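Participant: with the input below, show me the fold.
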Amino acid sequence: MIWFGPAGNSESFYNQGLAHSWQMPKWLSEKGLNAYEYQCNKGINLKDETARKIGDEAKESGIRLSVHAPYYVNLSSTEEEKRVNSVKYILDTLRVADLMGASRIVVHPGYVKGTSRQTAVEIAKATLYKALEEREGNGLSHITICPEVLGKSNQLGNLKEVMELCSLDENLIPCLDFAHLHSLTQGGMRTVNDFIRVFTTVEDHLGKERMRKCHIHFSRVEFGKGGEKKHWTYADTKYGPDFDPLAEAIIALDIEPVIICESRGTMAEDALTLKGIYTKILRKTGCGEIDETGDGSLS
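Facilitator: Residues are numbered from 1 along each chain as shown. Sure, this is the predicted structure:
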């Protein structure tokens, strides 16, 4: 199974007169998508009943849910209060995910400030370990935490660092943000082999199963010397990366990721474009069969 969906709600969703995130699952299913990442980027301002309603609608529509934790999680902060708060934000996100029936949450590792990168990694590992303890103590260990590869040089979370964080627990799965990887490598995500090398790195550090079930963020991106600057739509072909070589890598490696599109404003439409590219290449290579049942899934 492979999953395609948006991060948050497209502008067209609101332009069609819709206003509530619990309406998204049916809207996405009707488009032929099967995943949705609910955004708690600016904080968790969601009533329990709304979270449950999103979950009910997602279950009915065959939509796989994930939740993005607040951006201000900073596992590597040198300030204890910020680390304590970060654990709380992760726990709060896990609770929301549980109410929704979401299987994963995505977490930003943090920043490198006032210390070396390796020291920042060690601080982040200790903070994440505390979050794992809290997750278990609150009966939420069935929800996977996905540390995300980040795109700016002053952030903690390059590919190697995310591998170190995920090594803490077998239930941790990396969120491979290929816009961020493209930014960190100054436009280095171009060929099928570029993408395969990323997956091979995950397999080498975390094993084949976690590589096969990884969480992916994808969009075109503008970057500068310091890394990521701005996400764009898939139609903005001035910017990379292209999805075709990633789709070819996914097919060649026979993996089953969740692919969340983070395009600027057109995330659902572009998720459908990514699915179309994947489907076309899959048919061309003859490596698999398309599920035409209408539920948006591919197998």
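Participant: got the contact list for Thr285?
Facilitator: Glu248, Ile251 (Cβ atoms under 8 Å, 6 or more residues apart in numbering). Glycine gets a C-beta too; all of them are placed from N, C-alpha and C.
Participant: let's see it at 7 Å
Facilitator: Thr285 makes contact with Ile251, according to Cβ atoms under 7 Å, 6 or more residues apart in numbering.
Participant: mind checking how far it is from Ser167?
Facilitator: 33 Å (Cβ to Cβ, to the nearest Å).
Participant: how about the closest residue to Leu150 other than its chain neighbours, phi and psi?
Facilitator: Distances taken as Cβ to Cβ, 6 or more residues apart in numbering place Gly157 nearest to Leu150, at 3.6 Å, with adjacent residues excluded. Main-chain dihedrals, Gly157, degrees, to the nearest 10: phi 140, psi 40.
Participant: in contact with Gly157, which residues?
Facilitator: Per Cβ under 7 Å, 6+ apart, neighbours of Gly157: His108, Pro109, Pro147, Glu148, Val149, Leu150.
Participant: A strand includes the third one, no?
Facilitator: What that stands for is Pro147. Yes: using DSSP: H, G, I helix; E, B strand; the rest coil, the assignment for Pro147 is a strand.
Participant: surely it meets Val162?
Facilitator: Yes: taking contacts as Cβ atoms under 7 Å, Pro147 lies within contact range of Val162: 5.1 Å.
Participant: name the residues contacting each of these two.
Facilitator: Among the neighbours of Pro147, those also in contact with Val162 (Cβ under 7 Å, 6+ apart) are Pro109, Pro174.
Participant: buried only: go through the contacts of Gly157 for me.
Facilitator: Burial by neighbour count, 16 or more other Cβ atoms under 10 Å: within the contacts of Gly157 this picks out His108, Pro109, Pro147, Glu148, Val149, Leu150.
Participant: in the stretch 101-250 of the chain, which spans are strands?
Facilitator: With DSSP state E, counting those that start in this stretch applied, the stretch 101-250 of the chain shows strands at 104-107, 110-111, 144-147, 155-156, 175-177, 215-218, 220-224, 227-232, listed in chain order.
Participant: quick one: residues in contact with the longest one.
Facilitator: Read it as strand 227-232. By Cβ under 7 Å, 6+ apart, strand 227-232 touches 151-153, 179-180, 183-184, 219-223, 239, 262-264.
Participant: can you tell me which of those are buried?
Facilitator: 151-152, 179-180, 183-184, 219-221, 223, 239, 262-264.
Participant: quick check, nearest of those residues to Ser10?
Facilitator: For the buried ones among the contacts of strand 227-232, the closest approach to Ser10 (Cβ to Cβ) belongs to Ser263, at 8.5 Å.
Participant: I'd like the distance between that closest one and Asp236.
Facilitator: Applying Cβ to Cβ to Ser263 and Asp236 gives a distance of 9 Å.
Participant: cool, Val258 as well?
Facilitator: Taking Cβ to Cβ, one finds Val258 at 24 Å from Asp236.
Participant: again with Ala19
Facilitator: Distance from Ala19 to Asp236, by Cβ to Cβ: 27 Å.
Participant: more neighbours, these two?
Facilitator: Asp236 (16 against 9; other Cβ atoms under 10 Å).
Participant: list the contacts for the nearest residue in space to that one that is not next to it in sequence?
Facilitator: Spatial nearest neighbour of Asp236, excluding adjacent residues (Cβ to Cβ, 6+ apart): Arg220 at 5.5 Å. Applying Cβ under 7 Å, 6+ apart to Arg220 gives the contacts Ala179, Trp232, Thr233, Tyr234, Asp236, Tyr239, Gly240.
Participant: and if we set it to 6 Å?
Facilitator: Each residue near Arg220 by Cβ atoms under 6 Å, 6 or more residues apart in numbering is listed here: Trp232, Asp236, Tyr239.
Participant: so what sits opposite the closest residue in space to the last one that isn't next to it in sequence in the bridge?
Facilitator: Translated: Tyr239. Excluding its sequence neighbours, the residue lying closest to Tyr239 (Cβ to Cβ, 6+ apart) is Arg220, at 4.2 Å. Beta-bridge pairing for Arg220 (DSSP bridges): Trp232.
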